[in-house]
Structures are given as structure tokens and as C-alpha cells.
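*Asks:* Below is the sequence, then the predicted model.
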Amino acid sequence: MDWLAWLSLAGVCALGAMSPGPSLLIVVRNASTGFAHGAACAIAHGAGIGGYALLTALGLSLVLTNSPVLFTGLQWGGALFLVYLGWKSIRAPAPKASDAATSETDVPRQSIAAAAAQGFGIALFNPKVALFFAALFSQFVGAEQATATKFAMAGVAAGIDTLWYLLVSAAIYFGRRRGMRPGRWSHRLQQLFGILLIALAGRLLWQI
């Protein structure tokens, strides 16, 4: 993979992490309890994402080796799925102010271990995560790609996800008294995520 491919991969992983969804809600709720809770949730979520990413990269490599035709079909399907995700992100309605307020109030006290379990669980049991990485990595896995490269791809996904949610945890915990609400910027990030996903999918379809 050249530097442009790595940059594209990192950019989409970052926008995917920033896209609002159940993971953001879980991290926000735990960060509202305490920064340690939010950080534990973020790190565990990143570990779950990294595991999914690694299994996807290794599995796609096996498909490519044993059935190049099937892999080409997966590339087309993956690119079209990215277009679908992008369109849904663009068309998603803006969150209501009451939704953001609800997510940050009346948070029950729980242990840091429970916060970590929630972060890992929301990543592990979200089928959209597996579909996202299958669609994304099918555009970057090559026939002669080293195993170390696949581990690096998974590491990029896990690292970016962890770093983003650590930043979210810090922002929520230290800034909630000043009126910060994720809903104010999350919708715009989601729309940007959708536009860039469609642009990437178009470029990948042209290359295929």
C-alpha cells in the first residue's frame, strides 16, 4: 500500500469513528459518570474494533487467494455498500436537543469494568461494524500483501477509534458544565462522512 492508500484508509476510519451511533451514545453516557469510565469504555471499544478489523483483513486475504472472482465481487459489493452508507449518512435527520440532554443526564453509577464491558460489547455485537470493515478493507487488501500490513491496517482502525473516543470522553467530562452537547456537531460530521464515503466508493469503482 502506498501513502495515499494509507491516508485514505485512515481518513475513512476516522470519519467512521466520528459518525454518530450507538457507540457514541455509550461513550458519552460513561464519560458523564467520570473520565476514567469514559476512557475505559473508549479503550475497550477500540480493542473490539481492532479485533473485527484484523479478522476481516485476514479473511479477505484468504478469499482473494482461493477465489479471485469472488473477491472482485466483494470489491464491487463493498464499494456499493459504502455508497449506501454514505447516502444514509447524508440523509440522516439532525438529532433533537432533548436527545443529547437525555444521554448526559441521570447516568447511573457503575464500575469502570462495567464501562469497559459496555464499550467492548457495543463494538462486538454491532453487525454494522463487520459490514463496514468488509466493505472498506476489500478495497485495500492485495494479493501479495504481507501479514504485517494486515495487522497494521487493524492497528490503524483500532488506534484511531480509541483516540477519537478518548477525546470525546475528555470533552464531555471536562466541558459538560459549559454546555457542550455532541448533537451540535455530530450531525455535520455525519454528513461529511457520507460525502467522503461516496467519493471514495466512486474512486474505488473506477479503479476496479
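*Replies:* Yep, that arrived.
*Asks:* Quick one: mean pLDDT over the longest helix seen in the chain.
*Replies:* When the chain is parsed with DSSP state H, its longest helix is helix 35-66. For helix 35-66, mean pLDDT rounds to 87.
*Asks:* List the buried residues in it.
*Replies:* Under the neighbour-count criterion of 16 or more other Cβ atoms under 10 Å, helix 35-66 has 37-54, 56-57, 60-61, 63-64 buried. Bear in mind the C-beta positions are built from the backbone N, C-alpha and C, glycine included.
*Asks:* For Ile172, which non-adjacent residue is spatially closest?
*Replies:* Nearest residue to Ile172, sequence neighbours excluded (Cβ to Cβ, 6 or more residues apart in numbering): Ala31, at 4.0 Å.
*Asks:* Would you enumerate the residues in contact with the one you found?
*Replies:* Taking Cβ atoms under 8 Å, 6 or more residues apart in numbering, we find Ala31 in contact with His37, Gly38, Cys41, Val168, Ser169, Ala170, Ile172, Tyr173.
*Asks:* how distant is the longest helix of the chain from the center of its chain?
*Replies:* 10 Å (Cα atoms, centre = their mean, to the nearest Å).
*Asks:* Please export the C-alpha coordinates of the next helix-or-strand element following that helix as CSV.
*Replies:* Per DSSP states H and E, the first helix or strand lying C-terminal to helix 35-66 is helix 68-91. In CSV, the C-alpha atoms belonging to helix 68-91 read as follows (Å, rounded to 0.1, in the frame of the first residue of the first chain):
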residue,chain,number,x,y,z
PRO,A,68,-10.2,-14.0,-7.2
VAL,A,69,-13.5,-13.8,-8.9
LEU,A,70,-15.4,-13.9,-5.6
PHE,A,71,-13.0,-11.3,-4.2
THR,A,72,-13.8,-9.0,-7.2
GLY,A,73,-17.5,-9.4,-6.5
LEU,A,74,-16.8,-8.5,-2.9
GLN,A,75,-15.0,-5.4,-4.0
TRP,A,76,-18.0,-4.3,-6.1
GLY,A,77,-20.4,-5.1,-3.3
GLY,A,78,-18.2,-3.4,-0.8
ALA,A,79,-17.9,-0.2,-2.9
LEU,A,80,-21.7,-0.1,-3.4
PHE,A,81,-22.2,-0.7,0.3
LEU,A,82,-20.0,2.3,1.0
VAL,A,83,-22.2,4.4,-1.3
TYR,A,84,-25.3,3.2,0.6
LEU,A,85,-23.7,4.1,4.0
GLY,A,86,-22.7,7.5,2.6
TRP,A,87,-26.2,8.2,1.3
LYS,A,88,-27.8,7.2,4.6
SER,A,89,-25.4,9.5,6.5
ILE,A,90,-26.2,12.4,4.3
ARG,A,91,-29.9,11.9,4.6
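*Asks:* Sounds good, over and out.
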